[in-house]
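predicted model, plus sequence, below.
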Amino acid sequence: MSEITMRVWRGDANGGDFESYTTERSDGEVILDVIHRIQATEAPDLACRWNCKAGKCGSCAVEVNGKPRLMCMTRIDTLPEGPVTLTPMKTFPIIRDLVTDVSFNYVQAKKVPALLPPPMPAEGYRMFQEDVERSQEFRKCIECFMCQDVCHVIRDHEENKENYAGPRFFIRHAELEMHPLDTNDRRDFVREEAGLGMCNITKCCTEVCPEHIKITDNAIIPLKERVVDAHYDPVAWLGRKILRKTKTSATDAAVQPAP
Amino acid sequence: MTTIETHDYDILIIGAGGAGRRAASEAQQQGLRVGIITKSLLGKAHTVMAEGGMAAAMGNVHSEDNWKVHFRDTMRGGKYLNNFRMAELHAKEAPERVLELEQWGALFDRTKDGKILQRDFGGHRYARLAHVGDRTGLELIRTLQQKVVSMDIDVYMECKVLKLLKDSEGTIAGAVAYWRHNGEFVTFSAKSVILATGGAGKSWKFTSNSWEGTGDGHAMALWAGSELMDMEAIQFHPTGMVWPLSVRGLLVTEGVRGDGGVLRNSLGERFMFNYVAPMFRAETAETEEEADKWYDDHSAGRRPPELLPRDEVSRAINAEVKAGRGSPHGGVFLDIASRRSAEFIRRRLPSMYHQFMELAGVDITREPMEIGPTCHYIMGGVKVDAETAATKTPGLFAAGEVAAGLHGANRLGGNSLSDLIVFGKRAGEGAVSYIAAGGGSGKFKQSDVDTAIAEALEPFDRAEGENPYDIQRDLQDMMQANVGIIRTGDELEFALGELEKLSDRVRKIKVKGGRAYNPGWNLATDLPSMITVSKCVAMGALNRKESRGGHTRNDFPEPVAEMGTVNFTETSKDGKWDGAFKIEARPIPTITPELKALLEEAK
């Protein structure tokens, strides 16, 4: 049984400071185990989020030594020797201690135009594995919001939040854009409303994804290509002018009720 | 008293997992004003933990499958304590509910001809589980989340309900809750309330449940005058991790044993051969040699004893530990490393390999896993009407794990996710019809709100008192030791006495810190529910003097025919969490001749 020191940021929107807790730890423990021990003994009011403790719900994201991690999946013995510093995710406003106000993400989720499928045949839709796989990758997302936290477009620029959906919702748009059943054309929406152009593909989001979703390569870049094809390729542009609305505009669809 | 934030809805739904969301979308679609309250963020409910799939007799893989076979499998799995009508409705409606999810964006794995792929699972005669790899629960929760968001349904996140509220007639009228983020109170008036609060496994030491599984819905329904039923029926999965601490209770798939993994005690003995009950002897191997032949060729030997039903295996592990032959941390060893090549293990059990590697630092291709039974699911819950999910309390409905009936004494894997969508929808419809028929005033009594708030704040007012975490730990240890997988009358009596002592301690809790996002305070508000539920489980277990499904009595090791004709129900005498509860044996409704014939066919 050895000891571990956690430097935990404690405070609220009015400010705060680091508090150090030194506690015993045993082999194989993750950060969340130590936090639970601190709560059960020294600091029962230490605020943190967690649910499944198995890397499946994405609740317990904080910054460990400055980098976003899931507390339930970060083993102490994988970290450098010495005190471990825990801070709340920087991109979101503080509620208390390690808990942030992530409502930005729920606001973005509401803006996403819903899936617009064709009517379902009596025996159900037919879709093939190779056609569903691209979107299935994006549906692995556990909404830990670490990609949002690490994205410098909003991490360092509060003013961009108004017009920028962030990597989590770029993969959501990509999922729907590539969904075999979706009849929406989402390209205008992604360019004009979701701020895809502001992403300059530094891949920070991909690096932190605990589900190893290739956010940049498989979602953002293909989305950017689709937008470019639609808006800057003169042949495609002309085609669109003539054959307008082969797919429904996602901005129109946003106000239609989902089936 | 300062003014309290108040909201008004036709239907208030407590819980935002699969059942709550399905109920919400149904009710809002029918034009009612719906609000959902969740004590976590939207999308984090325990539904995400489900891996295997959603059982529905679509017949995409085996065309012989149909609702009748699914019904029969569910009833047999539940040892016939099930509500037959619920099992029938579930089997009939699950396929349609699964297909509907695809309209809302779900993407299941596919068959070669483009239909939804279905997989085999324990207790299901045919491959029946619609799935997405091993993350089906996430797919269900995300699909319904996106549905709820697209319908613009109001969701109150990180808002914890303390009590249900009734009007002067005794009809449900709303709920009182508090906001996690600032600790302020909020009331909801509603003509009807749907409970979709999930399970209660957090009262045990080794559990696959998260902090949320505190049985709030079970307890609040009981306090409000509803009946709980089959509370003694708890599913303990034999292979949960017990060590390292970081993964205590986390499930280890039965596939490890299916692929050749064996259980050993501290002496290295493959002990399951010593625990083959008479009724399984004919079909179980007697020697290691015979058992090992079975893996390659099912006709070359009989089944290995490691693949006996879950309750048998859990019981055996428990006996080994009690006999002093357990692993260092109170479990036994699950060993596949010495039996299969590293390459085989990584190919067949990729998620288990990574789970152990990342979380435990254990390489399962090189060393055995330490495992023990883990509290997994509660079959018991609020007694509901099969068609409408209505409880005994007018205006109160319940669906999902919080409701009882569908699973009887033991739930089959895959029947939980389908339960959520079938009975979530029915609860939504039930509440809508109730309101259409004129039910519900929404006029709760302010004095009830004041009482609930005063009780919630008491732990701050005490000059000194106990840390709620200490009480929770002692409750979990006590329930694990005395109301666990194997029970005896003496231990259950002892447990009921201990629960009274724990109740005393709960009344003396002191909470440190302020009201804003204070987990210690939140736990203090959970403990009354945990005590209530624990008490009902212990009472049910004491009265069911037999062993059946998820309930095993050492002093009554066999099923008893007369006990198979009743469900035990609990009611509250005074509506208080630490008050007196009454237990009664209620005859199981007589099954219709048509359905009975389906069960006879199986024998």
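Right, received. Where do you want to start?

and the chain, what are its domains?
You didn't say which chain, so I picked chain A. Domain ranges of chain A: A:2-100, A:103-253, per automatic domain parsing.

wrong chain, I was asking about chain B
Per automatic domain parsing, the structural domains of chain B span B:235-376, B:456-587.

please name whichever of these is nearest to residue A:105.
Using Cβ to Cβ as the measure, domain B:456-587 is the one of the domains of chain B that comes nearest residue A:105, at 18.1 Å. Heads up, the C-betas are built off the backbone N, CA and C, glycines and all.

hmm, that closest one touching chain A?
Yes: judged by Cβ under 8 Å from any Cβ of the partner chain, domain B:456-587 and chain A are in contact via B:467-470, B:473, B:511-514, B:516-521, B:523.

report the two of these separated the most.
Most distant of those, by Cβ to Cβ, are B:473 and B:516, 24.7 Å apart.

so the two - more neighbours on which side?
Neighbours per residue (other Cβ atoms under 10 Å in any protein chain shown) separate residue B:473 from residue B:516, with residue B:516 holding more: 20 against 13.

so where's chain A uncertain?
A:1, A:236-237, A:239-259 (pLDDT under 70).

can you give me phi and psi for residue B:429?
Here is the backbone geometry of residue B:429 (degrees, to the nearest 10): phi -60, psi -40.

tell me the contacts of the nearest residue to it once chain neighbours are set aside?
The spatial neighbour of residue B:429 that comes closest, neighbours along the chain excluded (Cβ to Cβ, 6 or more residues apart in numbering or on different chains), is residue B:26 at 5.9 Å. Residue B:26 makes contact with B:424, B:425, B:427, B:428, B:429, B:432, according to Cβ atoms under 8 Å, 6 or more residues apart in numbering or on different chains.

can you check the pLDDT for the fifth one?
It refers to residue B:429. pLDDT for residue B:429: 98.

please apply the same query to the last one.
With respect to pLDDT, residue B:432 scores 98.

just the ones of the residues of domain B:456-587 next to chain A in helices?
In this view, those that belong to helices under DSSP state H are B:468, B:469, B:470, B:473, B:519, B:520, B:521, B:523.

so which of those is the closest to chain A?
Of all these, the one with the least separation from chain A (Cβ to the nearest Cβ) is residue B:520, at 3.1 Å.

does that closest one really touch residue B:526, like I thought?
No: when contacts are counted by Cβ atoms under 8 Å, residue B:520 is not listed as touching residue B:526 (10.7 Å).

which bits of the stretch 101-250 of chain A sit near chain B?
The stretch 101-250 of chain A has residues A:101-102, A:106, A:109-110, A:112, A:114-115, A:117, A:120, A:124-129, A:132, A:135-136, A:139-143, A:176, A:179, A:181 near chain B, with proximity defined as Cβ under 8 Å from any Cβ.

now with 6 Å, please.
Taking Cβ under 6 Å from any Cβ of the partner chain, the part of the stretch 101-250 of chain A that reaches chain B is made up of A:109-110, A:114-115, A:117, A:120, A:124-129, A:132, A:135-136, A:143.

which of those residues has the most neighbours?
Greatest neighbour count in these, by other Cβ under 10 Å, goes to residue A:143: 26 neighbours.

so who does the nearest residue to it once chain neighbours are set aside touch?
Spatially, and ignoring its direct neighbours in sequence, residue A:143 is nearest to residue A:58 (4.9 Å; Cβ to Cβ, 6+ apart). Taking Cβ atoms under 6 Å, 6 or more residues apart in numbering or on different chains, we find residue A:58 in contact with A:142, A:143, A:144.

equivalent analysis for residue B:271, please.
Residue B:271 neighbours (Cβ under 6 Å, 6+ apart): B:265, B:320.

if you set the cut-off to 8 Å instead, what comes out?
B:263, B:264, B:265, B:316, B:320, B:325, B:332.

all strands of the stretch 151-300 of chain B, in order?
Secondary structure of the stretch 151-300 of chain B (DSSP state E, counting those that start in this stretch): strands located at B:154-156, B:159-166, B:172-179, B:185-195, B:228-229, B:234-241, B:262-264.

follow-up on the earlier one: show me the residues of the stretch 101-250 of chain A next to chain B that map onto helices.
Applying DSSP H to these, the entries found in helices are A:109, A:110, A:129, A:132, A:135, A:136.
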